[in-house]
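J.: coords below, sequence missing:
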């Protein structure tokens, strides 16, 4: 059983300050902030755009094998979850406005192809 050691606030501030003075750490922190901003933006995109982005990202990741592929695959999974939640929210909104409960979509059903 491990015991958590109390953190000394001054030591933590000193370490953080020193770390942020390093170029690589600043660049990594900036990249992290950009990823956070992109995720916030993703939550505002309409469903067709999210689906197109998910399909594009999945296609890019499909046959690659490099260190960042795992991160990119998780990004595709994140998009899948965001799409599922958006569809659920739209369904609840439709049910609330109309009072009509549409039939449950089947997993293997695909929307009709237009064009």
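T.: On my side now, so go ahead. Since the structure is predicted, the reported quantities are computational estimates derived from the model, not experimental observations.

J.: residue nearest the centroid of the protein?
T.: With distances taken as C-alpha atoms, centre = their mean, residue 78 lies nearest the centre of the chain, 4.1 Å away.

J.: Quick check: it vs residue 22, distance?
T.: Going from residue 78 to residue 22 by C-beta to C-beta, to the nearest Å gives 29 Å. Placement of C-beta: from N, CA and C, glycine included.

J.: what pLDDT, on average, does the helix or strand residue 71 falls within get?
T.: Using DSSP states H and E, residue 71 sits within helix 69-98. Mean pLDDT, helix 69-98: 88.

J.: tell me what it is packed against?
T.: With contacts defined as 3 or more C-beta pairs under 8 Å, 6 or more residues apart in numbering; DSSP states H and E, the secondary structure elements packing on helix 69-98 are helix 23-42, helix 47-61.

J.: Neighbours of the closest residue to residue 53 other than its chain neighbours, how many?
T.: Leaving aside its sequence neighbours, residue 53 sits nearest to residue 79 (C-beta to C-beta, 6 or more residues apart in numbering; 6.3 Å). Neighbourhood size, residue 79 [other C-beta atoms under 10 Å]: 20.

J.: likewise residue 48?
T.: Using other C-beta under 10 Å: residue 48 sits among 8 other residues.
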